[in-house]
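[1] Structure for the following, please:
(one chain, ligands or ions: 1)
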Amino acid sequence: MADFGGADLEGFRTQAREWLEANFPKSLGKDVEAQQTALMSPEKPAGDLALWKERMGAKGWGTPTWPAAYGGGGLSPAEARVLAQEMAAVGAVNPIGGMGVGMFGPTLLEYGTEEQKKKYIPDIVTGKIRWCQGFSEPGAGSDLASLSTKAEDKGDYWLVNGSKIWTSGGQYADMIFCLVRTDFTKKHEGISFVVFEMHQPGVEVRPIKLIAGNSPFCETFFTDVKVPKENLVGPLNGGWTVAKRLLQHERSGMNGSRGATAARPDALGVVAKKYVGADEQGRLADSDLRTRIVMNEIDQRALQQTVRRAALEAKGNSGPSAATSIMKNANMKVAQDRAELTLEFMGHQGLGWDGAEFTEEERTAVRSWLSGKAGSIYGGSNEVQNNIISKRILGLPDLTQSH
Ligand SMILES: Cc1cc2nc3c(=O)[nH]c(=O)nc-3n(C[C@H](O)[C@H](O)[C@H](O)COP(=O)(O)OP(=O)(O)OC[C@H]3O[C@@H](n4cnc5c(N)ncnc54)[C@H](O)[C@@H]3O)c2cc1C
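    So this is what the prediction gives:
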């Protein structure tokens, strides 16, 4: 991994700029939001977006700091920041993402065998394979270690039986990383971490239809699913440690640094003016609303700076820590407050779900407000994060059994 500083970093900047000039389809740069929306859709990208994804995957720059030996970019954190700046300058969105990149890949790089890394990482780097997460069960959410999906040792394979719930994107996934019980006599020390194919006999996926009509997640059933022995990640009965690490990676992706929940910090006041109007000095007419919008933007910027500082302090040589719980809770709070404020200044226009009397912006605001509620549940609820903060960061007595 090259660790350029100063002039060398500028050399890399030139290199990145030239590569983007030659490879990023200019048609895409005109609409960043359209790229983001298309990439979040379950449909596979088409046209120039597909081409962009293919080129970024082949270059490894969608996973810029991952080892080049497995197809990653092999860049230093400083180079990766330069690349992100140059991509932002031309309106390029990173087309490589999903649970493979945000959760499973970094965990496998730490806990996987050489064979497992060679087998799975290249397809994550190119965005070829979609992964889903089989952790939660009907009786095991916050208390995840109560899970009971079992994997029996059948000599040359594991026989998996049980069910998972809230499997996001399970209906589109090719592979699942899954927690299974391999020892019923112990709780945390009886859990193992396995991966297997979703398209095989015995795996059944039932999308859960929400009132809004969409199905972001599924119930997933396993009946006598045969899982090869080599698909165990980490030690037998040592899956809890692997899972905790993966959850830290999951939460570190929810700190707002990837712009998912709290994008465009300066836009809120601008949008508010359209509804509330301006005073004679050109400021938002409602002073109370003005104060609360400014407070929200201060919180948001403070969070972004804190996340950046924490990343710089870590200098890429230590993985995410329990502090990801603080960042996750803070980001979700800022994003939810922002969504509340938006609906408030939109007034009755902020109650629209369908219909021509509401603008696209208004309909999106309502959907974001509703979907944002899930932010304090997935990846571990707010209360569970608070338990982690009190136990692992503040060193308070452990009065719970949660992860
Ligand atoms: C949009 C979305 C996507 C998801 N995607 C996935 C996925 O892809 N894969 C997956 O495996 N899971 C997924 N989940 C599940 C998610 O991880 C769980 O919903 C979450 O861990 C909470 O578990 P639960 O729903 O069983 O709630 P419960 O554990 O039953 O909690 C209910 C309430 O009790 C509180 N509570 C529970 N225990 C404690 C405690 N010890 N101290 C204080 N309060 C407590 C909780 O905070 C919560 O408010 C997803 C959830 C959502 C909403």
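[2] Model confidence for the nearest residue to G190 once chain neighbours are set aside, exactly?
    Using Cβ to Cβ, 6 or more residues apart in numbering and skipping residues adjacent in sequence, the residue nearest G190 is D183, 3.4 Å away. To be clear about C-beta, it is placed using only N, CA and C from the backbone, and glycine gets the same treatment. Note on D183: pLDDT of 98.
[3] Settle this for me: D183 is touching E189, isn't it.
    Yes - contact criterion Cβ atoms under 8 Å: D183 and E189 qualify, at 7.0 Å.
[4] quick one: common contacting residues for those two?
    Contact criterion Cβ atoms under 8 Å, 6 or more residues apart in numbering; residues shared by D183 and E189: N237.
[5] Any buried residues in stretch 120-136, and which?
    Residues of stretch 120-136 classed as buried by neighbour count (16 or more other Cβ atoms under 10 Å): 120-127, 129-136.
[6] Mind checking which of the residues you listed land in helices?
    Y120, I121, P122, D123, I124, V125 (DSSP state H).
[7] Redo those as CSV? Include distance to the ligand.
    Shown next, in CSV, are these (distance: Cβ to the nearest ligand atom, whole Å):
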residue, distance to the ligand
Y120, 18
I121, 21
P122, 23
D123, 19
I124, 16
V125, 21
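[8] so F221 sits in a helix?
    No - applying DSSP: H, G, I helix; E, B strand; the rest coil, one finds F221 to be strand, outside a helix.
[9] and it, what does it touch?
    S163, V203, E204, V205, R206 are the contacts of F221 under Cβ under 8 Å, 6+ apart.
[10] State the three-state secondary structure for the nearest residue to I326 once chain neighbours are set aside.
    Of all residues not flanking I326 in the chain, I389 sits nearest, at 5.9 Å (Cβ to Cβ, 6+ apart). Following three-state DSSP, the label given to I389 is helix.
[11] isn't I389 right up against T324?
    No - using Cβ under 8 Å, I389 is not in contact with T324; the gap is 10.2 Å.
[12] And the residue nearest the centre of this structure?
    G253 (4.5 Å; Cα atoms, centre = their mean).
[13] mind checking how far that residue is from L247?
    Noted for G253: a distance of 11 Å to L247, by Cβ to Cβ, to the nearest Å.
[14] The residue nearest to the centre of the chain is in contact with G102, isn't it?
    Yes - look at G253 against G102 with Cβ under 8 Å: they come within range, at 4.3 Å.
[15] ok now stretch 198-209, how far from the chain's centre?
    22 Å (Cα atoms, centre = their mean, to the nearest Å).
[16] Ends of it, what's the gap?
    By Cα to Cα, to the nearest Å, the extent of stretch 198-209 from end to end equals 20 Å.
[17] Name the surrounding residues that touch it.
    Stretch 198-209 is contacted from outside by 132, 160, 166-167, 170-171, 173-176, 197, 215, 217-226, using Cβ under 8 Å, 6+ apart.
[18] Please list which of the residues you listed are also close to the ligand.
    W166, T167, F217 (Cβ under 6 Å from any ligand atom).
[19] which residues touch the second one?
    Residues in contact with T167, defined by Cβ under 8 Å, 6+ apart, are C132, Q133, G134, S136, A173, I176, V205, F217, C218, E219, T220.
[20] F196 now?
    Contacts of F196 by Cβ under 8 Å, 6+ apart are V160, M175, I176, C178, V225, V227, P228, N231.
[21] quick check: domain ranges of this structure?
    Per automatic domain parsing, the structural domains of the chain span 6-96, 131-237, 253-393.
[22] For T65, give me phi and psi.
    With angles defined as degrees, to the nearest 10, T65 sits at phi -100, psi 0.
[23] Assign the closest residue to it other than its chain neighbours to helix, strand or coil.
    Excluding the flanking residues, the one nearest T65 by Cβ to Cβ, 6+ apart is A80, at 5.2 Å. Assigned with three-state DSSP, A80 falls in the helix class.
[24] residue ranges with poor pLDDT in this structure?
    Along the chain, segments meeting pLDDT under 70 span 1-7, 212, 257-266, 314-318, 399-403.
[25] I'd like the distance between the one residue in it that gets nearest to the ligand and K164.
    Proximity of the chain to the ligand (Cβ to the nearest ligand atom) peaks at G141, 1.8 Å away. For G141, the distance to K164 equals 11 Å [Cβ to Cβ].
[26] the more surrounded of the two?
    Taking other Cβ atoms under 10 Å, G141 and K164 do not tie; K164 has more neighbours (26 against 18).
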